[in-house]
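[1] Just the structure for this:
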Amino acid sequence: MLDSLTRTRLSAMMCLEFFVWGAWFVTLGTYLASDLEATGSQIALAFLTQSLGAILAPFIVGLIADRFFAAQRILGVLHLFSAVMLFLAGRQEDFGPFFVFALLAMVSFMPTLALANSISFRRMESPERQFPSVRVFGTIGWIIAGLLIGWLGWETGGALSNTFVMAAIGSALLGVYAFTLPHTPPEPSDGPATVRDILGLDALALLKSRSYLVFFIASILICIPLAFYYNFTNLYLNEIGVPRAAAVQSLGQLSEAGFLLLMPLMLRKLGVKKTLLIGMLAWAARYAMFALGDSGSLLWLVVIGLLLHGVCYDFFFVAGQIYTDRFAPARVRSAAQGLISLATYGVGLLIGSLISGPIVDAFLAADGTHDWIPIWLVPAALALLVAIFFGSMFREQQTADAIGGGDGAGRADVAT
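    This next block holds a predicted model:
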């Protein structure tokens, strides 16, 4: 049972988790372009560190959280290490050394997303109802980070290196706090650990289901256009002259908070397929609005595009995490969360980063700014194509037991 004290403790964990991420990642593209004079391809390469960390996440989580070590302890260790790496990244004056420290920070940070989810889900009887009200505090943490950056004027004052100090402090605080979280030991297991257990490969059995396979492929594909948003939205807002861009960008997180609270109702009323499909279509609409908007009379299009973040993120990522937890057998739920992180933040964003950088560079103007209309139309078209693929192929009709994961702990049937 999720009592009020446990809910508060998990909510604080989520708040710090996403504060750390939002404190430096939102303005990373602007920081690299202005302070380190990075090209679009270098900016995309820096964001690719997120993908590399996510690719390693299933193996780290499969080793430590599903088999050997308590999840909250490893969460603490990883955040303490990440704090040091973030601080050192912000001290660098050249892109090469910065990339090394940013990569180490992300390799240690990305597994913590799956660990935080796993710690939360293990305390919940009904994650589809209880998780959104806890996860919403992660959104609040991200908003606080953006508002602080805007209030302190770090974007316009050329002081974005301070964001790495702020992120490092938040990561260190969470690293210490994690050791006070509810004890989350590995699930009981039959027999000795195997190589499959250590690498978290048992979660790959979920892909035997056509439904989950289509969801997994769509998760990879939708994150290709997503890379354009993560990598270049803050640079776009600053280039078109939107004041306090990081604070304005936090409108997306305000929307995310609202839609998170609606998520249980949406899943009940719409089912998994329609919820995920709406999220994908919202990405296409958002990019189209960015392409058409400006900082003058059409600023309202940019604002609506930012407000669509709640639909884009919650209706796909959060719904997907809940779907994965409901679908996976109990013994591999942590690894399954790592697997979906690999698909989205790992493989999908990696491909997207490799594609988005050269496209942004191709539309660089002589004055150092970019022609954003064709840049945003590319991910708009990609998101629409992914939505068509998912809508035509996905069927929500199987449970964990149906794919051979029948350990008696599968959650309710995911069919509608």
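
[2] and Leu115, helix, strand or coil?
    helix (DSSP: H, G, I helix; E, B strand; the rest coil).

[3] Surely it and Gly76 touch.
    No. Counting by C-beta atoms under 8 Å, Leu115 stays clear of Gly76, with 9.8 Å between them. Placement of C-beta: from N, CA and C, glycine included.

[4] low-confidence ranges in this protein?
    Low-confidence segments of the chain (pLDDT under 70): 1, 57-67, 186-202, 334, 338, 397-416.

[5] Tell me which of Leu115 and Gly76 has more neighbours.
    Leu115 (29 against 21; other C-beta atoms under 10 Å).

[6] Quick check: the more buried one vs Ala203, distance?
    Applying C-beta to C-beta, to the nearest Å, the value for Leu115 to Ala203 is 15 Å.

[7] what's the answer for Gly305, then?
    34 Å.

[8] With neighbour numbers in mind, choose between the two.
    Under the criterion of other C-beta under 10 Å, the comparison of Gly305 against Ala203 puts Ala203 first, with 28 against 25.

[9] Confirm that that one sits in a strand.
    No. Assessed with three-state DSSP, Ala203 is helix; it does not lie in a strand.

[10] Number the residues from 388 up from this point.
    From this message on, residue numbering opens at 388, which makes the last subject Ala590.

[11] ok, for it, nearest residue in space, not its chain neighbours?
    Ala722 (4.0 Å; C-beta to C-beta, 6 or more residues apart in numbering).

[12] do Ile442 as well
    Of all residues not flanking Ile442 in the chain, Gly733 sits nearest, at 3.9 Å (C-beta to C-beta, 6+ apart).

[13] again with Ala730
    Ser606 (4.3 Å).

[14] Tell me if I'm right that the one you found and Ile727 touch.
    Yes. Here Ser606 reaches Ile727: they are 6.3 Å apart, a contact under C-beta under 8 Å.

[15] Mutual contacts of the two, please.
    Gly707 (C-beta atoms under 8 Å, 6 or more residues apart in numbering).

[16] so who does Trp411 touch?
    Per C-beta under 8 Å, 6+ apart, neighbours of Trp411: Leu473, Gly477, Thr550, Phe551, Met553, Ala554.

[17] count of residues packed around the last one?
    When counting by other C-beta under 10 Å, one arrives at 26 neighbours for Ala554.

[18] again with the one 10 residues further on
    When counting by other C-beta under 10 Å, one arrives at 17 neighbours for Tyr564.

[19] and it, how far is that from Ile556?
    12 Å.

[20] and what of Ala425?
    25 Å.

[21] who's more crowded, these two?
    Ala425 (21 against 16).

[22] Tell me who's in contact with the more buried one.
    Here Ala425 is in contact with Leu419, Ala433, Phe482 (C-beta under 8 Å, 6+ apart).

[23] what sits up against the one helix or strand the first one maps to?
    This points to Leu419. Using DSSP states H and E, Leu419 sits in helix 415-422. Helix 415-422 has contacts (C-beta under 8 Å, 6+ apart) with 425, 429-430, 433-434, 482, 485, 542, 545, 547-548, 550, 618-622, 625, 632.

[24] Try it again at 6 Å.
    In this structure, residues lying in contact with helix 415-422 by C-beta atoms under 6 Å, 6 or more residues apart in numbering are Ala425, Ile430, Ala433, Leu547, Asn618, Phe619, Asn621, Leu622, Asn625.

[25] Let's verify the first one: helix, strand, or coil?
    This means Ala425. coil.

[26] Torsion angles phi and psi at it?
    Main-chain dihedrals, Ala425, degrees, to the nearest 10: phi -80, psi 150.

[27] any idea which helix is longest in the protein?
    Secondary structure assigned by DSSP state H gives helix 638-679 as the longest helix of the chain.

[28] After that one, which helix or strand is next? Please name it.
    By DSSP H and E, the next helix or strand past helix 638-679 is helix 686-694.

[29] counting contacts, what elements does the helix or strand just after that next one pack onto?
    Next in sequence after helix 686-694, counting helices and strands by DSSP H and E, comes helix 696-700. Packing partners of helix 696-700 (3 or more C-beta pairs under 6 Å, 6 or more residues apart in numbering; DSSP states H and E): helix 638-679.

[30] what's the spacing between the helix it packs on and its chain's center?
    In terms of C-alpha atoms, centre = their mean, to the nearest Å, the centre of helix 638-679 is found 15 Å from the chain centre.

[31] That one - contacts with which helices or strands?
    helix 514-539, helix 686-694, helix 696-700, helix 706-714, helix 759-780.

[32] 8 Å - rerun?
    helix 514-539, helix 597-626, helix 686-694, helix 696-700, helix 706-714, helix 759-780 (3 or more C-beta pairs under 8 Å, 6 or more residues apart in numbering; DSSP states H and E).

[33] Distance to Met676 added to those helices, as CSV?
    Shown next, in CSV, are those (distance: least, C-beta to C-beta, whole Å):
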stretch, distance to Met676
helix 514-539, 20
helix 597-626, 12
helix 686-694, 4
helix 696-700, 12
helix 706-714, 22
helix 759-780, 8
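
[34] now, which of the contacts of Ala425 sits nearest Phe496?
    Ala433 (14.0 Å; C-beta to C-beta).

[35] Could you export the helix or strand hosting the closest one as CSV, CA atoms only?
    Ala433 is part of helix 427-450 when elements are defined by DSSP H and E. C-alpha atoms of helix 427-450 as CSV (Å, rounded to 0.1, in the frame of the first residue of the first chain):
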residue,chain,number,x,y,z
GLY,A,427,25.4,21.8,-34.9
SER,A,428,27.0,18.4,-35.4
GLN,A,429,29.1,18.9,-32.2
ILE,A,430,25.9,19.9,-30.3
ALA,A,431,24.2,16.8,-31.6
LEU,A,432,27.2,14.7,-30.5
ALA,A,433,27.0,16.2,-27.0
PHE,A,434,23.3,15.2,-26.8
LEU,A,435,24.3,11.8,-28.0
THR,A,436,25.9,11.2,-24.6
GLN,A,437,22.3,10.7,-23.3
SER,A,438,21.8,8.0,-25.9
LEU,A,439,25.0,6.1,-25.0
GLY,A,440,24.0,6.2,-21.3
ALA,A,441,20.6,4.9,-22.1
ILE,A,442,22.0,2.1,-24.2
LEU,A,443,24.1,0.9,-21.2
ALA,A,444,21.1,1.3,-18.8
PRO,A,445,19.5,-2.1,-19.3
PHE,A,446,22.8,-3.9,-18.6
ILE,A,447,23.5,-1.8,-15.5
VAL,A,448,19.9,-2.1,-14.2
GLY,A,449,19.7,-5.8,-15.1
LEU,A,450,22.9,-6.4,-13.1
